[in-house]
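Undergrad: Predicted coordinates and the sequence they were generated for:
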Amino acid sequence: TTSTDAERIGAIKVEQCIARARDGEYSRALSSLTSEGLDPIDETTAAQLRAKHPHPIRDPTHIPGPPSTDVTTEVVYESLLSFPRGSACGTMGLRAEHARAAIQNTTVPHVLKVTTALVNHLQGGRAPAAVAPFFAGARLSAFAKPGAAVTTTRADVRPIAAGEFLRRLVSKCLCNTHKERAAHHFAGLQFGVATPN
């Protein structure tokens with residue numbers, strides 16, 4: 001890159017840092033100063049991503065049955081609040097901040113109840129199969145891998161997948177609902193799942 005390119009990239013990083021700091025995302029603001037940025041959107045980047053993430057094999061015989069208990073509104077509320085500020089959105093563009101603002105809006109008190117019903121509908125396996133690519137898919141970004149060996153004319157890519165918010169919410173709700181059972185099951189075997197320290 002030329003010095004003009006480096007100055008332009010540096011100015012963009014400073015703008016991103018300031019914007020994120022204004023939103024209260026201080027750690028993301030700092031990390032934006034050292035980010036290598038996105039790789040260009042072209043066939044070379046797409047080929048590198050495909051090599052790291054081959055086409056999935058879908059086997060319907062390995063789909064688990066629905067959970068036996070419904071998630072409560074309290075669990076949904078706590079799970080929504082546990083998303084970090086600035087969490088990335090998935091392919092539909094819905095963010096945790098959108099849902100949090102909706103459920104905290106006192107003029108529309110039924111939003112939490114409807115969100116809980118949706119979570120239970122999804123976790124119960126009652127959504128049509130046609131929506132699976134939207135809920136289970138992810139928005140993939142190709143970041144330049146810092147310090148990676150250059151292949152052909154560019155460095156290797158580091159793929160970052162941002163899963164759909166609603167799927168992540170359902171997962172959080174299920175984990176929060178069953179964390180005591182998980183802690184009992186894994187007690188003494190590990191210190192990662194529902195077991196601190």
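TA: Happy to help now that I have it.

Undergrad: Give me the helices and strands touching the helix of greatest length in the chain, please.
TA: The single longest helix within the chain, with elements called by DSSP state H, is helix 3-22. Helix 3-22 sits against helix 26-34, with contacts defined as 3 or more Cβ pairs under 8 Å, 6 or more residues apart in numbering; DSSP states H and E. C-betas here are computed from N, CA, C, even on glycine.

Undergrad: coming back round to it: which residues touch the longest helix of the chain?
TA: Outside helix 3-22, the residues that touch it by Cβ atoms under 8 Å, 6 or more residues apart in numbering are Thr1, Tyr26, Arg28, Ala29, Leu30, Ser32, Leu33, Ser35, Gly37, Gly86.

Undergrad: now the strands: where do they sit in the chain?
TA: Listed in chain order, the strands of the chain (DSSP state E) span residues 138-144, 150-151, 154-155, 157-163.

Undergrad: Would you point out the helix or strand in this structure whose mean pLDDT is lowest?
TA: The helix or strand of the chain with the lowest confidence, counting by mean pLDDT, DSSP states H and E, is strand 150-151 at a mean of 47.

Undergrad: give me the low-pLDDT residue ranges for the chain?
TA: 1-3, 5-6, 36-40, 54-68, 146-155, 193-194, 196-197 (pLDDT under 70).

Undergrad: now do 80
TA: 1-13, 25, 27-42, 45-46, 49-50, 52-69, 106-109, 140-158, 186-188, 190-197 (pLDDT under 80).

Undergrad: on that earlier part again, may I ask which of the contacts of helix 3-22 has the most neighbours?
TA: Ser32 (20 neighbours; other Cβ atoms under 10 Å).

Undergrad: For that one, give me its contacts.
TA: Ser32 neighbours (Cβ under 8 Å, 6+ apart): Lys13, Gln16, Cys17, Arg20.

Undergrad: In ChimeraX, select just the buried ones from the residues you listed.
TA: Selection of buried members from the contacts of Ser32 for ChimeraX, criterion 16 or more other Cβ atoms under 10 Å:
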select :16,17,20
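
Undergrad: The contacts of Ser32 into TSV, with extra columns for distance to Lys145?
TA: Formatted as TSV, these follow (distance: Cβ to Cβ, whole Å):
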residue	distance to Lys145
Lys13	17
Gln16	19
Cys17	21
Arg20	22
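
Undergrad: Tell me the one of the contacts of Ser32 nearest Phe135?
TA: Minimum distance to Phe135 across these is 27.9 Å, recorded for Arg20 (Cβ to Cβ).
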